[in-house]
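In: sequence below, structure please.
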Amino acid sequence: MRIFIIRHAESYSNTQGRMMSTTDLPLTEKGVQQATAAKLFFEKSIGIDSFKHVFCSPLLRAKQTANIISGGQTSIIECDLLKEMDLGALEGLTWQERADQYPHIDMDKALADIDFPSGENYDSIEERCNRFIKEYLVPIKADENVLIVTHGITKRVIVNCLLHKKRECVNYLNWCDNCSFSEIEFDGINSRIIRLNERSYLISNRLGTEGYDIWGMFSDIEYNLY
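Out: Residues are numbered from 1 along each chain as shown. Reported below is the predicted structural model:
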C-alpha cells in the first residue's frame with residue numbers, strides 16, 4: 001500500500017507564535033488554501049478517489065484538512081492515536097519562552113529524548129504511533145492508498161516507526177511544513193520512502209510557511225542514510 005502522511009494545514013495555532021498541541025483551533029484562510037492546493041495535487045497525481053482509507057486526528061485543524069483533501073469521496077476515521085504529542089507545561093509558550101524556561105528541551109535535534117513536564121514523553125508517542133500502525137494500517141489490503149492527516153511531531157514519529165528506524169533517527173527528520181506530506185510504501189511489515197516532506201504544490205502556489213528553510217530544515221544529517 002501507499003501511505004500519504006500529511007501535516008494539517010496552517011491553523012491559528014501556527015500564527016500566534018506559540019507552541020500548541022492540545023489547544024484546538026481552526027484553519028486560517030491560508031490553511032484552507034493550502035489544503036485545497038494539496039487536494040488538487042493529489043487529484044492530478046493519483047486521483048483523489050484513490051484514497052480508500054482516510055484517517056485523521058480528532059483535533060479541528062486536522063479534521064478540516066482531511067475534509068478538504070478528501071472532498072467527501074471517502075469516509076474519514078478520526079483516531080485519538082493521531083493527536084499531537086502533548087506539550088504539557090510548554091503549551092501556549094512562545095518559542096523564546098520555551099528556550100528561557102526549558103533550555104534542556106530540544107524538539108528539533110533531541111526529539112527522541114523528549115519528556116514534556118505534565119505532558120508526554122517520547123516512549124508514549126512512539127507507543128501510540130506503533131499502535132496505530134498495528135491496529136489500523138497492517139489490516140489494509142496491499143493495493144490500497146491511505147491518507148493520514150496528523151501533526152508535526154506525530155508525523156515525524158509515525159514515519160520513523162513505519163521505517164523501523166532506531167528511535168534516535170527521528171532526530172534527523174526535519175520538520176514538515178504545514179500541509180506537506182511524506183509518501184511511504186508499506187507491505188504490512190517493511191516500508192520504504194517514496195517522498196519525504198513533499199511541498200512543491202505549496203511553493204508553486206506561494207503557500208509555504210515563511211522561513212521554512214531556516215526553522216524547518218534543521219538537520220545536518222541525511223535521514224535516509226540512517
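In: show me which helix runs longest in this structure.
Out: Longest helix in the chain, counting residues (DSSP state H): helix 29-45.
In: which SSE is immediately downstream of that one?
Out: Using DSSP states H and E, the helix or strand that directly follows helix 29-45 along the chain is strand 51-56.
In: and the helices in the protein?
Out: 12-15, 29-45, 60-70, 95-101, 122-132, 152-162, 200-204, 212-215.
In: show me the shaky parts of this structure.
Out: Applying pLDDT under 70 to the chain picks out residues 48, 225-226.
In: how distant is stretch 49-64 from the center of its chain?
Out: Stretch 49-64 sits 12 Å away from the centroid of its parent chain (CA atoms, centre = their mean, to the nearest Å).
In: buried residues, it. List them.
Out: Across stretch 49-64, burial judged by 16 or more other CB atoms under 10 Å covers 51, 53, 54, 55, 56, 57, 59, 60, 61, 62, 63, 64. (Glycine included, C-beta is placed from N, CA and C.)
In: again with stretch 88-103
Out: 90, 91, 93, 98.
In: what does that stretch rub up against?
Out: Applying CB atoms under 8 Å, 6 or more residues apart in numbering, the contact partners of stretch 88-103 are 17-23, 105, 116-120.
In: can you do 10 Å?
Out: 13, 16-23, 87, 105-107, 115-121, 215 (CB atoms under 10 Å, 6 or more residues apart in numbering).
In: compute the first-to-last residue distance for it.
Out: Using CA to CA, to the nearest Å, one end of stretch 88-103 lies 15 Å from the other.
In: swap in stretch 77-86?
Out: Start and end residues of stretch 77-86 are separated by 21 Å (CA to CA).
In: how far does it sit from its chain's centre?
Out: Distance, stretch centre to chain centre, for stretch 77-86: 11 Å (CA atoms, centre = their mean).
In: what's near enough to touch the closest residue to residue 185 other than its chain neighbours?
Out: Leaving out its chain neighbours, the residue that sits closest to residue 185 by CB to CB, 6 or more residues apart in numbering is residue 192, at 5.2 Å. Listed by CB under 10 Å, 6+ apart, the contact set of residue 192 reads 162, 163, 183, 184, 185, 186, 224.
In: roughly how far does residue 192 sit from residue 170?
Out: Note on residue 192: its distance to residue 170, by CB to CB, to the nearest Å, is 17 Å.
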